[in-house]
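# Okay, sequence plus prediction incoming.
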Amino acid sequence: MKFSFTDDQRLFAEGLRELLANECPASVVREVWENGTGHSPELWSHLSGMGVLSMLAPESAGGMGGSFVDAILLFQELGRAAVPGPVLEHMAVAVPALASTRFGAPLIAGDSVATLWVDDSPYVAHAGVADVIVRKDHVLESFDATDAHGMDGGRRLFTVTGGDRTNADANVGGLDPFDAMALASAAYLIGLSERMIEIAAEYARVREQFGKPIGSFQAVKHLMSDALLKVEFAKAPTYRAAFSASTGADTSVRDISMAKALASEAAYRTSRSTMQVHGGIGYTWEADLQLWMKKAWALMRSYGDANFHRRRVSGFVLA
Amino acid sequence: MKFSFTDDQRLFAEGLRELLANECPASVVREVWENGTGHSPELWSHLSGMGVLSMLAPESAGGMGGSFVDAILLFQELGRAAVPGPVLEHMAVAVPALASTRFGAPLIAGDSVATLWVDDSPYVAHAGVADVIVRKDHVLESFDATDAHGMDGGRRLFTVTGGDRTNADANVGGLDPFDAMALASAAYLIGLSERMIEIAAEYARVREQFGKPIGSFQAVKHLMSDALLKVEFAKAPTYRAAFSASTGADTSVRDISMAKALASEAAYRTSRSTMQVHGGIGYTWEADLQLWMKKAWALMRSYGDANFHRRRVSGFVLA
Amino acid sequence: MDLRETADEIAFRLEARTWLEANVPSEPLPSFDTAEGFALHRQWEKKLYDGRWSAVSWPEQYGGRGADYIKWLIFEEEYYRAGAPGRVNQNGIFLLGPTIMEVGTDAQKEKFLPTMASSEIVWGQAWSEPNAGSDLAGIKSKALRDGDDWILNGQKIWASRAVWADWCFGIFRTDPEAERHRGLTFILCPLNLPGITVRPIAQLDGDTGFAEIFFDDVRVPVENTLGEVDKGWGVAMATAGFERGVSLRSPARFSEAVNRLVALWQRLGDKSDTALADAVTDVWMQAEGYRLHTYQTVTGMLEGRPIGAEASLNKIFWSEMDVRIHEIALQIIGPEAERMEGPLERWVDGFLFSLSGPIYAGTNEIQRNIIADRVLQLPKGM
Amino acid sequence: MDLRETADEIAFRLEARTWLEANVPSEPLPSFDTAEGFALHRQWEKKLYDGRWSAVSWPEQYGGRGADYIKWLIFEEEYYRAGAPGRVNQNGIFLLGPTIMEVGTDAQKEKFLPTMASSEIVWGQAWSEPNAGSDLAGIKSKALRDGDDWILNGQKIWASRAVWADWCFGIFRTDPEAERHRGLTFILCPLNLPGITVRPIAQLDGDTGFAEIFFDDVRVPVENTLGEVDKGWGVAMATAGFERGVSLRSPARFSEAVNRLVALWQRLGDKSDTALADAVTDVWMQAEGYRLHTYQTVTGMLEGRPIGAEASLNKIFWSEMDVRIHEIALQIIGPEAERMEGPLERWVDGFLFSLSGPIYAGTNEIQRNIIADRVLQLPKGM
């Protein structure tokens, strides 16, 4: 029993954090929101170059040959930077599911961009910038995408019609694509939450009221500590779910649901607390916090919300 | 539309508060707990003398001829002092339901002590000191009562066997005795909560840590404010329920359930917050707070807990 | 205690209902935070005024009906029931107006109240400053006396409606030596004067409901002082107390919202989910509790019992309830709650808007301090 | 990362399970806060010691098995699974013992550890004082040097197990000039010395789980100093850190409690009540999350990463979870939850006990401050 990441896993995640600090600061996220694309091809090619996008493809197919345990800290780092575009869908589902199909090579190389359409929603995130849409049992190309006005400018929402279908199995090592995304989203939500807490802590250290930094007031301290508590205690379950998924454990679905439920609730609580710490500034378009909050609000409801996943856990635990 | 009490109603309640401040300080409550009786005949005769016990009996039967609106602030004051013994059961059910029966005169005079056995519990509170037990459709006398080790020393719990039955209708002006008790308990729980907050505020003003009174710390301020908030917003619904019950309104059951749900939750939250403010002292038998907390924990589950009542409200609101 | 409406109250309710049914626009107006929407809302206010419904609690001489608070609550219930437009001149009619009636001169009443009731003049408010938010007494904007004028300099922020409004009101430091809440004066100021720059602030939803106002040697006559010079804090607190206490969020708003929530639940909610039903019932009870609590408060005011720090309890209660109502709605709505447009967008807009509640008009943290200090008499901590 | 147990770990688990199944008393022992129960628990500890199960993580020379933290967690899981008695010498084996191993002299190790492992000596703790609770650095009890002795004077409170224990440990002010956390010394002291008075404190449930200890010119040899003179705060914090961090509430305790809660729900819970099922599942996830988090922490410790202020996160998490587990149980139990005796009394006792969690070992409010200051680097506020 050993519950820790290897040095290699840690170093890769740290490398990604550094890359994103340089290539995906808040200003880039904001630009992608405001230019209406919801995606940055330049950032995409950096992620591809580092091997992030192909982490879950076999080495034989030109990928990094990693497992979900290798990828989980990367999902978290992507969330910490609120990376826009279909990076989770591409990385966690399209690449591993389609690696050995004719779609595989360009996806693994990052030359083709994929997103995912799950059955529980009429909308397809990122369809406007995707070359292919993965569904449970087929792939769509040459489809029409109509803007559905999503809240998160880094995860634009579309309705999709038409398209050419190619049969293909979107399962990822025995996982339904919905579950693979629930797992990836859980880690991404944790990363988002970590960064929201950092942003709010930075603000609380400098913003003064009543002649003191607001971070010196217990009310602020306790709001922030309680958010951190929820985020910290969502981590181990999420890493465990990655291990279960990597090893094809019987408990994979239960473990993923537990992770997504806890991460969704932690991210929501964090968004509320960090916004409250910001006061009026947190309610503005200009404050960077909104870029993280809206991503959290979108993702916490996608691929099953906390209620859906809690009840899947109930099904295993209370039966 | 006029949502206020009359001067008479207010003055009577203030009079009761004064009486109880003299005759039922915490030391009397503690004595009644520790001597094992759960009842104080001396206090009972004071309540009888003031007309509290007979508030809901018609004047023609020697009572005060009051309505639930007249009685509701009295229930609250009784709670504020954590008055031990079957005062609610006697006042809110036995006296009005049995006023015109052969049981009426001694109950109204306070010479006979009644308690209530509702269908949702196998236990009868106060049976050890009661002369008669009221049930939905009959009255029991000469029964055997066995101690069931209740948590609240001012509301001792018994199992009851045997007894002589006399048929009698325990409805109170169209209200099931369970509902009459739910209403009385809601007000009593509010009174308990008010006093718990006062006790904790007194403590927070004098107890020092880190060289300051703990009441100066935001964490303590906010715990207490949140408790007060819940208590204050349980009041108007409870008074409204009393009005509905007094006027036989169609919405009486819904309104009583709303009151009991809110008051139960407010009392629980208050018990937790005020205990936390007390720190270790709050966890001792010696601190008076426990006399109020345990009463709150017992009463919040009696005559329907918050869940039961919330769902009765659902039945009306969501239908 | 008699919680039944009197014959007079019932008649008033019916009169309001009849008028509103005949006059409320059949289609919702565009947001009043747009040029077009603002103009349409101003027209609507004029229509209300013409029917003498724009300020029912004001005296008849200023365009009201002299309705007591109970009737005002009844009117609000009917107003929300009818789905009538938001009140673009809320800052004026519900905040500034009552303050002018309390402390204004006769000339000020004559000058400001009728145009306010008719929304010929729409008012923005200008309390906060970049470094005076929760700590409102930290205000630095100055008014210097020059002959019969004030010369205003400084910067205000979170000025609601200020982008399109005609006038604003706020407090300015008139005694530069005085500290904190002393030496402040309450001043009324047109927004079209030379030296004023209004910079809209985009909100979470992208709309511009509030603005920054920059004052650069803006000259206003001293007659525009409301109340005494250097005593503006007391005037502002009277306004803010009323804002938090009753008028800012009338119970009808939430009663209407929970009724819509119940309907949403009936249409889309999973009926076997008792947790969801509990949540809906909980906020229904909260809205009903808030309504009852307000009727109780208002009866007390009518009987001469003033509201005090309890206003802070109200503010926490309604703002947290409003967030909760919208959280539950979005949970029912599911993936559709990610969309900013579509048939359910009102709930998404409402959610974003609700998040400002625990912050503005004094954060809920500040309100909790006020309750602890003034109601619970705990020792000051700051 | 490999969350599967090794063959060695599985073998250890089975060995523990087999021994426990053969040796755990079939009937629960009376509370160790009674004379009879204390004696029986001491006997049980001796039996554990004889089987080398009383302190599995200690080195073999002191009666342990040199088990690593992972095995310690496995042992705890088996211990709770077997329904074995509470650990009457927890203060010694889990708090003081590791501290002695870290900072004690060889002579102290030889003198204290074996009798601690066997519970020949049971330890009470003596941290808090009437005016030094949350503010532990406010300690006033004094130790004055007199030749080769300390002379102790003062009063301790909330001393757990002290009513029946043989020795106690605590911190005393040895430098009367020093303030706050300076000038304190960690001292071990027999409880049967002249000048010591132990006054039991009755808890919420009427039991006497803790006591006040009065020291009146109590003389102990200076060899009883643990760590350096005047450096007792650091020694105490190492102990308290471990207390909050891992050992005080091992995850197995909560895993066992939620398993009992699931069984209670299966027996008495309303299955159509999804809110209730949600609540049970929530605490199941919390207990599982706490278990996983602990395994992660412990792996980190084995790999040389120290635990720091994160211990405060643990303390808040388990204490609030424990309250919640019991709240849900009492809700399921209904009116029966008013009884202090009967078939379900363990839940009622557990509820009352759980309420001490957010208070002792540093209130959760203090823990939140610690997290904010040390983890989030927010400015100090007090």
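Thanks, I have it. All of these numbers come straight from a predicted model, not from anything done at the bench. Residues are numbered from 1 along each chain as shown, chains lettered A, B, ... in the order given.
# Phi first, then psi, for A:Gly211.
phi 80, psi 10 (degrees, to the nearest 10).
# Tell me how many other residues crowd it.
For A:Gly211, the neighbour count with other C-beta atoms under 10 Å in any protein chain shown is 8. Any C-beta I mention is one placed from the backbone N, CA and C, and that applies to glycine too.
# again, but for the one 5 residues further on
For A:Ser216, the neighbour count with other C-beta under 10 Å is 20.
# ok, and the closest non-adjacent residue to it?
Counting by C-beta to C-beta, 6 or more residues apart in numbering or on different chains, A:Ser216 lies nearest to D:Gly381, which is 3.9 Å off, once chain neighbours are set aside.
# Distance-wise, check the one you found relative to A:Ser273.
17 Å (C-beta to C-beta, to the nearest Å).
# mind listing what's buried in the host helix or strand of A:Val313?
In this assignment (DSSP states H and E), A:Val313 forms part of helix A:306-317. Within helix A:306-317, the residues that count as buried by 16 or more other C-beta atoms under 10 Å in any protein chain shown are A:306-314, A:316-317.
# Looking at those residues, which is nearest A:Gly279?
A:Ala306 (27.0 Å; C-beta to C-beta).
# Quick check: the closest one touching A:Val313?
No: at 10.4 Å, A:Ala306 does not count as touching A:Val313 under the criterion of C-beta atoms under 8 Å.
# Common neighbours of these two, please.
A:Ala261 (C-beta atoms under 8 Å, 6 or more residues apart in numbering or on different chains).
# Run a quick neighbour tally on residue 75.
Here I'm looking at chain A. Neighbour tally, A:Phe75, other C-beta under 10 Å: 29.
# not quite, I wanted chain C
23.
# Surely it forms part of a strand?
No: going by DSSP: H, G, I helix; E, B strand; the rest coil, the assignment for C:Phe75 is helix, not a strand.
# what sits against residue 234?
By default, I'm working from chain A. Residues near A:Ala234 by C-beta under 8 Å, 6+ apart: A:186, A:189-190, A:193, A:259, A:262-263, A:265-266, D:289.
# That was the other one, I meant chain C.
C:Gly227.
# same check, this time on C:Ile151
C:143-145, C:217-219.
# swap the cut-off to 10 Å and go again
C:142-145, C:195, C:215-220 (C-beta atoms under 10 Å, 6 or more residues apart in numbering or on different chains).
# and those, which are buried?
Here, 16+ other C-beta under 10 Å leaves C:142-143, C:215, C:218, C:220 buried among the contacts of C:Ile151.
# I'd like to know how many residues surround C:Ala107.
Other residues close to C:Ala107 by other C-beta under 10 Å number 9.
# Name the nearest of the buried ones among the contacts of C:Ile151 relative to chain B.
Lowest distance from chain B to these (C-beta to the nearest C-beta) belongs to C:Lys142, with 31.9 Å.
# could you measure the residue of chain C positioned farthest from its centre against D:Thr274, distance?
Distance to the chain centre peaks in chain C at C:Ser272, reaching 38.7 Å (criterion: C-alpha atoms, centre = their mean). Distance from C:Ser272 to D:Thr274, counting by C-beta to C-beta: 7 Å.
# do the same with A:Ala261
Taken as C-beta to C-beta, the span from A:Ala261 to D:Thr274 is 14 Å.
# Pick out whichever of the two has more residues nearby.
A:Ala261 (28 against 22).
# you'd agree that one is in a strand?
No: counting by three-state DSSP, A:Ala261 is not found in a strand; it is helix.
# Mind pulling up the pLDDT for it?
pLDDT, A:Ala261: 98.
# In this structure it contacts A:Val317, no?
No: with contact defined as C-beta atoms under 10 Å, A:Ala261 does not count as touching A:Val317 (11.9 Å).
# which regions of chain C lie under the pLDDT threshold?
C:239-248, C:382 (pLDDT under 70).
# which bits of the stretch 101-250 of chain C sit near chain A?
Residues of the stretch 101-250 of chain C found near chain A (C-beta under 10 Å from any C-beta of the partner chain) are C:128, C:130-138, C:157-158, C:180, C:201-210.
# Pull out the buried residues from those residues.
C:128, C:132-136, C:138, C:157-158, C:201, C:203-205, C:207-210.
# Can you sort out which of these also neighbour chain B?
Among those, proximity to chain B is found for none (C-beta under 10 Å from any C-beta).
# Restricted to strands, list these.
C:157-158, C:201, C:210 (DSSP state E).
# Could you tell me the average pLDDT over the one helix or strand A:Ala21 maps to, please?
Using DSSP H and E, A:Ala21 sits in helix A:7-23. Mean pLDDT, helix A:7-23: 98.
# Contacts made by it with the rest, please.
Contacts to helix A:7-23, defined as C-beta under 10 Å, 6+ apart, come from residues A:4-6, A:28, A:40, A:42-43, A:45-47, A:49-52, A:55, A:64, A:66-67, A:69-78, A:80-83, A:191, D:1.
# how about the host helix or strand of C:Trp284: buried residues?
Taking DSSP H and E as the definition, C:Trp284 sits inside helix C:274-302. Neighbour counts using 16+ other C-beta under 10 Å place C:274-301 of helix C:274-302 among the buried residues.
# Restricting to those residues, which residues neighbour chain D?
Applying C-beta under 10 Å from any C-beta to the buried residues of helix C:274-302, those adjacent to chain D are C:274-279.
# just these that are near chain A?
Under the cut-off given by C-beta under 10 Å from any C-beta, chain A has C:275-276 from these close to it.
# nearest to C:Phe32, of the ones next to chain D among the buried residues of helix C:274-302?
C:Ala279 (31.2 Å).
# what about the closest residue to the closest one other than its chain neighbours, how many residues close to it?
In space, and not counting its chain neighbours, C:Ala279 is closest to C:Ile328: 4.9 Å by C-beta to C-beta, 6+ apart. Close neighbours of C:Ile328, defined as other C-beta under 10 Å, add up to 21.
# can you confirm C:Ile328 is in a helix?
Yes: according to three-state DSSP, C:Ile328 belongs to a helix.
# Report the contact partners of the closest residue to C:Glu21 other than its chain neighbours.
Take C:Glu21 and drop its neighbours on the chain: the residue closest to it by C-beta to C-beta, 6+ apart is C:Ala82, 6.5 Å away. Counting by C-beta under 10 Å, 6+ apart, C:Ala82 touches C:16-17, C:19-24, C:256.
# Which pair of the residues you listed spans the longest distance?
C:Ala22 and C:Glu256 (19.5 Å).
# what about the two, which has more around it?
Taking other C-beta under 10 Å, C:Ala22 and C:Glu256 do not tie; C:Glu256 has more neighbours (18 against 9).
# Appreciated, that's everything.
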